[in-house]
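Chemist: next comes the sequence, and after it the predicted model I'd like to discuss.
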There are 2 protein chains.
Amino acid sequence: MTEVDAPCRAALAAAGPFEALGRDGRAGLLEALAAALEEQRRPIVAVADRETALGTTRLDGELTRTTYQLRLFAEVLRDGGYLEAAIDHAGDTPMGPRPDLRRMLVPLGPVAVFGASNFPLAFSVPGGDTASALAAGCPVVIKAHGSHPSTSQLCFDVLAGAADRFGAPAGTLGIVHGLQAGIDLVAHPAIRAVGFTGSTAGARALLDVIGRRPDPIPFFGELSSLNPVVVTPAAADARAAEIGAGLAASFTLGAGQFCTKPGLAFVPAGPSGDALVAAASQTVAATPVAVMLNDGIAAAYEKSTSVPRGTALLRTTSATDLPPSAFEECFGPVATIARYRDETELFAALAALPSSLTATIHRGPGETELPAELTRRLLPHAGRILYDGFPTGVAVSWAQHHGGPWPATNSQHTSVGATAIRRFLRPITWQNAPADLLPAELRDGYDHIPRRIDGTLVLSPPLTTSPMGSAH
Amino acid sequence: MTEVDAPCRAALAAAGPFEALGRDGRAGLLEALAAALEEQRRPIVAVADRETALGTTRLDGELTRTTYQLRLFAEVLRDGGYLEAAIDHAGDTPMGPRPDLRRMLVPLGPVAVFGASNFPLAFSVPGGDTASALAAGCPVVIKAHGSHPSTSQLCFDVLAGAADRFGAPAGTLGIVHGLQAGIDLVAHPAIRAVGFTGSTAGARALLDVIGRRPDPIPFFGELSSLNPVVVTPAAADARAAEIGAGLAASFTLGAGQFCTKPGLAFVPAGPSGDALVAAASQTVAATPVAVMLNDGIAAAYEKSTSVPRGTALLRTTSATDLPPSAFEECFGPVATIARYRDETELFAALAALPSSLTATIHRGPGETELPAELTRRLLPHAGRILYDGFPTGVAVSWAQHHGGPWPATNSQHTSVGATAIRRFLRPITWQNAPADLLPAELRDGYDHIPRRIDGTLVLSPPLTTSPMGSAH
């Protein structure tokens, strides 16, 4: 516990001063962190490549994603809409007189972030959870992933050094290593929330630790996802070769170790579907054997697929005869194509699917009826629905959502995109507060952020609102 | 399980058609439900008074609150800001080309609502959880509270009849009775979230049931709250009698059975504090013995306080000598006044407090330094902070927050006010969707709701935005 106790206590001590940096201060810090990572790009990518063998192209891309993400959260902070600021002035209501009420979101306090095996730079020490928690105003204690400890420590040193030079309070960032440290971290009284990317079993174990706390805390887990793909007969008729090759490229990308890997695709029976499968098989056959992220993942892949580690595999079966394994996420370059003869077979199979982060529909040119029906059936079980594309590649943006019902996540929030910040915030309402005790954002004169005033959303700054009503 | 299975299956079958009513349709339904309750006001209040002995004045007020709340959620629906709609058009980014992404919130599916003992009309069958879940587009299955089964059934019949006449799908509302039914409800596969107002022990038991589900679901519990009050020396000097009488009126209101009852007040040592205590004692002595909500609550009150059930009790002690019982919520007309000699004693006692729904500060005229320090110390442990007032009475409005860190709730969301709807929603992102498969709110031409377009918040309708940037 001692190893974990020191960074947690430091994070708790940092929480007040860190929040007091304010939105502009924290935006500046995020940009300083991005700049520091950019400066150390070469050594970071080199260490990460040595540890993960993911290749410098992929790792360079990941670092770019991470610095972009830090800068996006700086933009989120300056915009201020994420505060959900609302002011109800005192007045009469049918329920009687109402006091002056002013609400906005505030940081939760120190957050524990669990690094992921499959994104050493984008979902680990400097990734989306860290960026969104810091943006929210929460100090972060990171549990480094055992697959890339040196990368984790180097990234941490770069971030912590930059935070220190920027003037962030000591304890704003902390790091711990090892399985027991992760458990101790989630149990530590200073920790107010957990961001986790990993297995369902790992999440269940940590949820048990949280359930034994005297004060259970929020846990945001991104867990397991099958990511079904449905190809309509019209789509197969129109683009069999393209869809087949694209599907294979997507499920073998990064050795199939993405949470959005398409693990199960429904393809019509018949010649167009046959052509699609042939194209996919060709791409799979041409895919080089990949180095997987670690021995545990590689061994699990061998055991589950009976092919050598890192070897791409396309399984085919009938939609009426799906084995239970086809419904479970398998980490690695494997996918199942299930052939369906008609909509009855297809819909019956879809009804049995677990929920996923994504669901994909390939439709024929101008086709609407079947895609609409598929949308209706897939939406209750997915967080993102895509058309005529593949689910790997999760853009960082305002409108992104990376989440979904269990087992995709245990959360109603996203771990990618601007709204990921909501996970680490909670509302507070000030009632009849004197103006000088209110946060600046809730005072009457303040006009730098969008606010809901007496029920009406008001943009900022009100006097220079453009004809489009835009805030800038 | 059979008793529970039928309404849950019906709720699941209703989910799609109910969502398809759309925001305007659901707003109309909420208004029809409010009108139906209003029409049956006399019989509802009469039955509730027979079952709870809360008195017709209080119960009339509760019904008014409930109908007001239903109409507020109709307004929330028509405003549409709660959808958090965002559109990122396709374009280039430093991370490469980005697809077209469009995000908004959608209903979770059937919600289980647990009625509360202490608000038969405002947190039970027709209360805040039901109103916000229906507004979100979720069918509701209610677990009636055993303290007022006839009131629950009558309210349910009124609501279900009105929903039926309005044309809501069968299964939009369901009801079950009994402890085992509550457990079966939380375990039922059709249920997608739980709204609960009750004890910490009850919440822990239901969280265990959820943990054993193959798919754990969100649980929103409003649990236990001490609601500390701090009176500064300057406030006691200025308004001893007023604050003392107000405190006593607040903790004895409704027989002290409100979740916002002030259970512990810090009052300075010395003559002004003595006068405050004397005024509070006088009010307590003049408070009639109250009928409590049920035998269990009354027996627990007797056991905990050693005074007869329903008898108001003011305990006094020193801030340096608080017994463990002073830190626990006790349901009933009892509060503790803890006297402090200086800020050191006060701050030490505050540091030991559990989190609460509310924290209250009484300050002297124009006093700012100590109130600011108290605000800083109390905010991390409260969801609403009030000045120069008392926490009972929770206005239903846009800026209200009724929540707080454990044990106040287990949630980062509110159970009162417009934003309570967020509990029963989840985001979905549509990627490269053809326009005719998008919800109307995410199509390019739509301008009836506020949306974030390419990172910029845009009000509706853009061409008639007033100089204040208001949406109306």
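Modeler: Arrived safely.
Chemist: tell me the secondary structure at the closest residue to A:Leu179 other than its chain neighbours.
Modeler: Spatial nearest neighbour of A:Leu179, chain neighbours left out: A:Gly146 (7.6 Å); criterion: C-beta to C-beta, 6 or more residues apart in numbering or on different chains. C-beta coordinates here come from the backbone N, C-alpha and C atoms, glycine included. Following DSSP: H, G, I helix; E, B strand; the rest coil, A:Gly146 is assigned to coil.
Chemist: and A:Gly146, what does it touch?
Modeler: Neighbouring residues of A:Gly146 by C-beta atoms under 8 Å, 6 or more residues apart in numbering or on different chains: A:His177, A:Gly178, A:Leu179, A:Asn294.
Chemist: same deal with A:His89?
Modeler: A:His89 makes contact with A:Asp100, A:Ile453, A:Asp454 under the criterion C-beta under 8 Å, 6+ apart.
Chemist: and these, which of them are in strands?
Modeler: A:Ile453 (DSSP state E).
Chemist: pull out the buried residues from the contacts of A:Gly146.
Modeler: For these, a neighbour count by 16 or more other C-beta atoms under 10 Å in any protein chain shown gives the buried set as A:His177, A:Asn294.
Chemist: closest to chain B among the contacts of A:Gly146?
Modeler: A:Leu179 (21.4 Å; C-beta to the nearest C-beta).
Chemist: show the pLDDT at that closest one.
Modeler: You'll see A:Leu179 listed with a pLDDT of 94.
Chemist: and it, how far from A:Ala116?
Modeler: From A:Leu179 across to A:Ala116, the span is 15 Å (C-beta to C-beta, to the nearest Å).
Chemist: skipping adjacent residues, who's closest to A:Pro43 in space?
Modeler: A:Leu154 (6.8 Å).
Chemist: for B:Asp342, see how far away the one you found is.
Modeler: From A:Leu154 to B:Asp342 the distance is 50 Å (C-beta to C-beta).
Chemist: before we move on, the earlier item: tabulate the contacts of A:His89 in JSON lines, adding columns for pLDDT, distance to B:Ala53 and neighbour count.
Modeler: As requested, those are arranged in JSON lines below (pLDDT from 0 to 100; distance: C-beta to C-beta, whole Å; neighbours: other C-beta atoms under 10 Å in any protein chain shown):
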{"residue": "A:Asp100", "pLDDT": "98", "distance to B:Ala53": "34", "neighbour count": "16"}
{"residue": "A:Ile453", "pLDDT": "97", "distance to B:Ala53": "41", "neighbour count": "18"}
{"residue": "A:Asp454", "pLDDT": "97", "distance to B:Ala53": "38", "neighbour count": "14"}
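Chemist: report pLDDT for the residue of chain A positioned farthest from its centre.
Modeler: Distance from the C-alpha centroid of chain A, by C-alpha atoms, centre = their mean, peaks at A:Gly96 (44.2 Å). With respect to pLDDT, A:Gly96 scores 87.
Chemist: residues contacting it?
Modeler: Contacts of A:Gly96 (C-beta under 8 Å, 6+ apart): none.
Chemist: now what about the helix or strand hosting A:Arg26, what contacts it?
Modeler: Using DSSP states H and E, A:Arg26 sits in helix A:22-39. When contacts are defined by C-beta under 8 Å, 6+ apart, helix A:22-39 is touched by residues A:18, A:21, A:44, A:63, A:66-68, A:70-71, A:73-75, A:77-78, A:80, A:126, A:131, A:134-135, A:137, A:155, A:158-159, A:161-163, A:165-166, A:168.
Chemist: and what of stretch A:313-321?
Modeler: A:248, A:266, A:277, A:280-281, A:284, A:305, A:307, A:323, A:326, A:333-341, A:345-346, A:348-349.
Chemist: please redo it, this time with the cut-off set to 6 Å
Modeler: Here stretch A:313-321 makes contact (C-beta atoms under 6 Å, 6 or more residues apart in numbering or on different chains) with A:280-281, A:284, A:305, A:307, A:334, A:336-340, A:345, A:349.
Chemist: kindly report the same for stretch A:375-390.
Modeler: Under C-beta under 6 Å, 6+ apart, the answer for stretch A:375-390 is A:246, A:250, A:350, A:355-362, A:401, A:403-404, B:429-433, B:437.
Chemist: from the contact counts, what lies against the helix or strand hosting A:Val186?
Modeler: Per DSSP H and E: A:Val186 is located in helix A:179-187. Applying 3 or more C-beta pairs under 6 Å, 6 or more residues apart in numbering or on different chains; DSSP states H and E, one finds that helix A:179-187 contacts helix A:2-20, helix A:200-211.
Chemist: and of those helices, who's closest to B:Ala298?
Modeler: B:Ala298 sits nearest to helix A:200-211 of all the helices and strands packed on helix A:179-187, at 31.5 Å, using C-beta to C-beta.
Chemist: A:Ile142: what secondary structure?
Modeler: Classified using three-state DSSP, A:Ile142 is strand.
Chemist: distance check, it against A:Val176.
Modeler: For A:Ile142, the distance to A:Val176 - C-beta to C-beta - is 7 Å.
Chemist: so for the two, which residue has more residues nearby?
Modeler: Counted by other C-beta atoms under 10 Å in any protein chain shown, A:Ile142 and A:Val176 do not tie: A:Ile142 has more neighbours, with 29 against 21.
Chemist: quick one: the strands in the stretch 151-300 of chain A?
Modeler: A:173-177, A:193-197, A:219-222, A:228-231, A:264-268 (DSSP state E, counting those that start in this stretch).
Chemist: kindly reformat those strands as CSV containing distance to chain B.
Modeler: Putting these into CSV (distance: least, C-beta to the nearest C-beta, whole Å) gives the following:
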stretch, distance to chain B
strand A:173-177, 19
strand A:193-197, 8
strand A:219-222, 10
strand A:228-231, 13
strand A:264-268, 17
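Chemist: can you redo those strands as TSV with distance to A:Thr57?
Modeler: Below are the strands of the stretch 151-300 of chain A laid out as TSV (distance: least, C-beta to C-beta, whole Å):
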stretch	distance to A:Thr57
strand A:173-177	27
strand A:193-197	22
strand A:219-222	25
strand A:228-231	25
strand A:264-268	26
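Chemist: please consider this matter closed, and thank you.
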